[in-house]
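Visitor: The following block contains a protein sequence and its predicted model.
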Amino acid sequence: MDHVTIYTDGACSHNPGPGGWGCVLLYKTHRKEASGSEPDTTNNRMELTAAIEALRLLKRSCFVDLYTDSAYLYQAFEKCWLRNWKSNGWKTSNRKDVENRDLWEQLDALCITHTVTFHKVKGHSDNEENNKCDLLARNAIKELLNRSEA
């Protein structure tokens, strides 16, 4: 299988509010950037959407190193939250419904198609690719707001 490196980020103007996501995919000498937005969302939903949309761009099963600055996204895999939520009928350890279940289910299915290793990076620091994803996400929000004002 091919190896792809992915960076993702989500952003929200107010929380909840208009949100955006961005991703950068790196494969050998190839680079692909993508972004999108939603008019009423949360930062966590945009973080998840960035990962989902990035993985959807892959045309075949791949080994993926996915870098995120979202503790929410990273810890769901690193601390096995997702596995526990599924085995508990999509309930948290406090027996509450898992937030963003719809997105977690999509991401879970994509992680079955691909072999994904999640990595945590410090947000808004010196990681060039993470900063690019943040810029893509923030620009997607600006474009959304500009369209709604027109």
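Guide: Good, I have the coordinates.

Visitor: can you point me to the longest helix in the protein?
Guide: helix 128-149 (DSSP state H).

Visitor: need the contact list for residue 110.
Guide: 52, 55-56, 116 (Cβ atoms under 8 Å, 6 or more residues apart in numbering). Glycine gets a C-beta too; all of them are placed from N, C-alpha and C.

Visitor: all strands of the chain, in order?
Guide: Remark: strands assigned in the chain by DSSP state E are 2-12, 17-27, 30-41, 62-68, 115-120.

Visitor: any idea of the angle the shortest one forms with strand 2-12?
Guide: Looking back up the chat, that one is strand 115-120. 40 degrees (axes from the mean of the first three to the mean of the last three Cα atoms, to 10 degrees).

Visitor: Please state the offset of strand 115-120 from the chain centre?
Guide: Mean-position distance between strand 115-120 and its chain equals 11 Å (Cα atoms, centre = their mean, to the nearest Å).

Visitor: show me where pLDDT drops low in this protein?
Guide: Applying pLDDT under 70 to the chain picks out residues 150.

Visitor: so how far is residue 15 from residue 117?
Guide: 28 Å (Cβ to Cβ, to the nearest Å).

Visitor: in stretch 57-77, what's buried?
Guide: Within stretch 57-77, the residues scored as buried using 16 or more other Cβ atoms under 10 Å are 58, 62, 64-70, 73-74, 76-77.

Visitor: Which of these sits closest to residue 128?
Guide: Nearest to residue 128 among the buried residues of stretch 57-77: residue 67, at 11.2 Å, using Cβ to Cβ.

Visitor: give me the number of residues near residue 113?
Guide: When neighbours are counted by other Cβ atoms under 10 Å, residue 113 registers 14.
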